[in-house]
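Student: Based on what follows, work out the 3D shape:
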Amino acid sequence: MTDVPIDLPAPAQRRKLTRPSAWWETAVFLVVFLAVSAPILFLVLGSFSSARLPSEFTLSTLSFGNYIKVWSDPTTYEILSDTLLFAGGSTLFGLVIAASLAWLSERTDMPGRIWIYAGLPMTLAMPGMLQAMAWTLLVSPRVGFINKGLMAALGLQTAPFNIYSLTGMIFVEGLRMVPTAFLMLVPLLRSMDPSLEEAAAMCGARQHAVLRKITLGLMLPGLVAVTIYQITSALEEFEVAGILGLPAGIFVFSTKIYSVLHMTSSLPSYGEANALAMLYLFVALFGVYAYGRVIGKAERFTVITGKAYRPRVYPLGLWRWTATGAAMLYLALSVAIPFLVLIYVSFLPYVQPPSWRAFASMSWDHYEEVFQSEGIGHVLWNTLVMTATTALAVVVFSFLISVAVVRSRFWGRRLLDQLAFLPHAIPGMVMGLALLWIFLQIDKLGTTLVGSISSVIIAFVIGYISYGTRVMNGAVLQIHKDLEEAAKMSGATQWRVFWRVFLPLLRPAFVGVGIWTILHVVRSAGKPLILTTGADNEVIAVTIWNLWDQGYIESVGAIGTLLMLFLLTVTLLIRRFGFGPTARILAGP
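Tutor: Below you'll find the predicted structure:
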């Protein structure tokens, strides 16, 4: 039998096979560059503008007046202090809970760990806005069910708890941050080589000393990275701070920007809002820079080797069921209790503490009002169009960016990767404000971006490509280049390679990013509140905010209950598609 010679491609030809077409790389780079740099440019220019309205902006109106007015106001420094306390306090509170749950689930013999793995991702289905509203109904000084019950039982003259405080804001926001931190910490504990811990134990170190000096020491880079990521996320939080802080006059930067833009006694101070947003942006950019530095040095603490091992399991002894009870308490505080509160008030004719008379007065009236109310169909249609289009666009753009960054030799691939991650440093309220300036300038050419659903979609797509590219980068790296080369040697074009090679192999990542995007788009109110100008582009989050602001609490309960059921269904889909080859997609960037 004679050997048949096989002509293998030369190295130069092999490199060419793995290089996508330059024209679309350049097109993707230009789109991302404009999408990220243009809002920042107009945010800076707007902060110097003395024009009454963004539509009246010209270079001749530039001055330092907004900065002088903002930074000569003592309340600005109070807002800065409260913002840092809110972000830092909620991150610390949430991270302590998340780290404890992750350690108990991964490294101990706590019973019922499967319920923790099942329940923690489900908490993502509870929007922060609805969570804050539910806790308001529970612990409000005036109508809070818990406060009313304690006052009646203990004969108190004043309410023992006040959710309208910085402590209340930190509590609710901390609960909201736990699932993301948990899903980011679990892989650190699961992949840790136990040999160092065993060596310390053999040298006579006590269990708590091993945990403090070895386990926490090895996890330190990951913990720092998660902490910075969570603080950056907390800086852009609007819903919890708006629901709990505004009634008490407690402002953070996001709620202050919102209040400046929604003045009723005078024209909104757009320039002052931009000047406030600039500091907000610098703080967030520093957080992302620090996050990148920590991630870049994480290899110093690498402890994963090629040798198979099982993480060391610590026996809890008599504390086993206590640990399970503590974990279930978190799930109750985060999801179960707020959900039950929303269901309860949705059936009441008016808000009242639980009693036999309250249960006897329940009806479906508010659900009927929701479905029969004028404009609800248009709001639901806007929400559907917004979520579907945003999810599709985020998946497509994230994939193209990741292929250009990971697979190509495009000259700007490193800059493209950094530009794609940069929107994570731009808080949602700031991004909405910056895009508002851009859309108003574009509308001078005869377009109608302002007040359209397209404006909200653009804002969300820019904001979420940072998450999508982090996921896609890892997923694309897992696909060996030989598969692409084999397809191209068979005559397949680049787009056919995308369709026949990448799409089947990356389907779990595509689905995961799409569902994650839908989950966050539906629950976010910051960007829509800035960009919504009427019924034409109103979405469900804005409707809930307006109903709450106008005192229609029972209707909020009805819509919130329906929204929760929808998001719980979506979360189940996340679990269905996430625990495969790309189960890490829920862990965040």
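
Student: Now do the phi/psi pair for T108.
Tutor: With angles defined as degrees, to the nearest 10, T108 shows backbone torsions of phi -130, psi 170.

Student: what's the neighbour count on it?
Tutor: Residues near T108, counting by other CB atoms under 10 Å, number 16. Using the backbone N, CA and C atoms, a C-beta is placed for each residue, glycine as well.

Student: wait, what's in contact with it?
Tutor: For T108, the contact set (CB atoms under 8 Å, 6 or more residues apart in numbering) comprises V313, Y314, P315, L316, R320, A323.

Student: swap the cut-off to 10 Å and go again
Tutor: By CB atoms under 10 Å, 6 or more residues apart in numbering, the residues touching T108 are V313, Y314, P315, L316, W319, R320, A323.

Student: Surely I146 is in contact with A134?
Tutor: No - in this structure, I146 is not within contact of A134 by CB atoms under 10 Å, at 11.5 Å.

Student: And these two? Which one has more around it.
Tutor: For I146 versus A134, neighbours defined as other CB under 10 Å are more numerous around A134 (26 against 18).

Student: Tell me how far the nearest residue to that one once chain neighbours are set aside lies from S402.
Tutor: Distance criterion CB to CB, 6 or more residues apart in numbering; nearest residue to A134, sequence neighbours excluded, is P338 at 3.4 Å. Look at P338 and S402: by CB to CB, to the nearest Å, they are 36 Å apart.

Student: ok, now W411?
Tutor: From W411 to S402 the distance is 17 Å (CB to CB).

Student: I'd like the next helix or strand past the longest helix along the chain.
Tutor: For the chain, the longest helix by residue count, based on DSSP state H, is helix 74-107. Scanning forward in sequence from helix 74-107 by DSSP states H and E, the next helix or strand is helix 113-122.

Student: what mean pLDDT does whatever helix or strand comes next after that following helix have?
Tutor: Next helix or strand after helix 113-122 toward the C-terminus (DSSP H and E): helix 128-139. For helix 128-139, mean pLDDT rounds to 92.

Student: Secondary structure class of T447, three-state.
Tutor: With DSSP: H, G, I helix; E, B strand; the rest coil as the basis, T447 sits in coil.

Student: Could I get the full set of helices for the stretch 351-500 of the chain?
Tutor: Per DSSP state H, counting those that start in this stretch, the stretch 351-500 of the chain carries helices over the ranges 356-360, 365-372, 376-406, 413-421, 428-442, 453-477, 481-489, 494-497.

Student: got the ones you listed as CSV, with mean pLDDT, distance to R107 and mean neighbour count columns?
Tutor: Shown next, in CSV, are those (pLDDT from 0 to 100; distance: least, CB to CB, whole Å; neighbours: other CB atoms under 10 Å):
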stretch, mean pLDDT, distance to R107, mean neighbour count
helix 356-360, 91, 44, 10
helix 365-372, 88, 45, 14
helix 376-406, 89, 33, 20
helix 413-421, 83, 31, 19
helix 428-442, 82, 36, 24
helix 453-477, 84, 25, 23
helix 481-489, 63, 37, 16
helix 494-497, 66, 43, 15
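
Student: right, and those - which one's nearest M169?
Tutor: Ranking these by their distance to M169 (criterion: CB to CB) puts helix 428-442 first, at 15.9 Å.

Student: picking that back up, for the helices of the stretch 351-500 of the chain, give me TSV that also has distance to P349.
Tutor: Output for the helices of the stretch 351-500 of the chain, formatted as TSV (distance: least, CB to CB, whole Å):
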stretch	distance to P349
helix 356-360	9
helix 365-372	7
helix 376-406	20
helix 413-421	50
helix 428-442	36
helix 453-477	34
helix 481-489	63
helix 494-497	59
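
Student: looking at these, which is closest to Q230?
Tutor: Between Q230 and the helices of the stretch 351-500 of the chain, the tightest spacing by CB to CB is seen for helix 453-477, at 14.1 Å.

Student: tell me the phi and psi of F347?
Tutor: According to degrees, to the nearest 10, F347 has phi -100, psi 0.

Student: which residues touch it?
Tutor: Contact analysis of F347 by CB under 10 Å, 6+ apart lists 358-359, 361-367, 554, 557-558, 561.

Student: Let's see that with 7 Å instead.
Tutor: By CB atoms under 7 Å, 6 or more residues apart in numbering, the contact list for F347 reads M362, S363.

Student: quick one: pLDDT of it?
Tutor: 94.
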